[in-house]
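Novice: Sequence below, structure please.
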Amino acid sequence: MMRKAPSLVDLCVHLAIDNVRYLGDVGETDHHLLERILCHCTLDQLMHIKNSTSDRDLSPVTDKLWKRFFKDSFGEDSFDTVVEKMKQRKAKLKEREEATQKSLDRIKQRYHEEDASHTNILLITLQKKEPDKCSCAQKFHLLARNQAFGETASNIYNTKSSIMKKSKLEFINSREVKNLAAMKNKVVHKNHR
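Specialist: Below is the predicted model of the structure:
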């Protein structure tokens, strides 16, 4: 009875097992081949291969081997204790992340509420000044435009830098700002008539 010749892959795997002490970066090797090869490594050889392989995560293949080495070195009881502590730590981290997310959500909610209250106060103020002469949308548009281009002379002199004062004066005296101010005055005069 004749034996079947080994495949090229099997020959390569056997050669790699025979020379496992020379292995380094195994980044391009398939998982199923690594499982066959790395189970023949010692602890130091496995550590060397892990450190040499930088662009790939070997944990799916090496986790079983690390567990085996840990059990051999420290015993089954120590292994169970470490696994339990890792589960507890993972649960604590998950609780901490959930608490952090809840607090971030509360902060976001408070910012939204604060923005809404400021908008409501400004709209109420506009309604008191201009009762029923323009719609809420027009008032909000006026409010937004006033906030965007409402630089006054007192704000210019609050800046410390002379360059900033000069640039603010140039901005206020620009044609665009003057046109917007003129349009704003026309809207206000039309509403008061």
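
Novice: make it CA atoms for all contacts and neighbour counts henceforth
Specialist: Will do.

Novice: which stretch of helix or strand covers residue 184?
Specialist: helix 175-192 (DSSP states H and E).

Novice: should've said residue 10
Specialist: Assigned by DSSP H and E, residue 10 falls in helix 8-18.

Novice: Enumerate the positions of that helix that are buried.
Specialist: Applying a neighbour-count criterion of 16 or more other C-alpha atoms under 10 Å, one finds 13, 16, 17 buried in helix 8-18.

Novice: For that helix, give the mean pLDDT please.
Specialist: Averaged across helix 8-18, pLDDT comes to 90.

Novice: what domains does the record give for the chain?
Specialist: Following automatic domain parsing, one gets these domains for the chain: 8-74, 76-129, 132-193.

Novice: mind putting those in a markdown table, distance to residue 2 included?
Specialist: Formatted as a markdown table, these follow (distance: least, C-alpha to C-alpha, whole Å):
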| stretch | distance to residue 2 |
| --- | --- |
| domain 8-74 | 18 |
| domain 76-129 | 45 |
| domain 132-193 | 91 |
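
Novice: circling back: return the set of buried residues in the helix or strand following the helix holding residue 10.
Specialist: Toward the C-terminus, helix 8-18 is succeeded by helix 31-38 as the next helix or strand (DSSP H and E). For helix 31-38, burial by neighbour count (16+ other C-alpha under 10 Å) applies to 34, 37, 38.

Novice: just for this structure, where's the confidence low?
Specialist: 1, 118-160, 187-193 (pLDDT under 70).

Novice: related to what we said a few turns ago, got JSON lines for the buried residues of helix 8-18, with distance to residue 165 too?
Specialist: Formatted as JSON lines, the buried residues of helix 8-18 follow (distance: C-alpha to C-alpha, whole Å):
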{"residue": "13", "distance to residue 165": "76"}
{"residue": "16", "distance to residue 165": "74"}
{"residue": "17", "distance to residue 165": "76"}
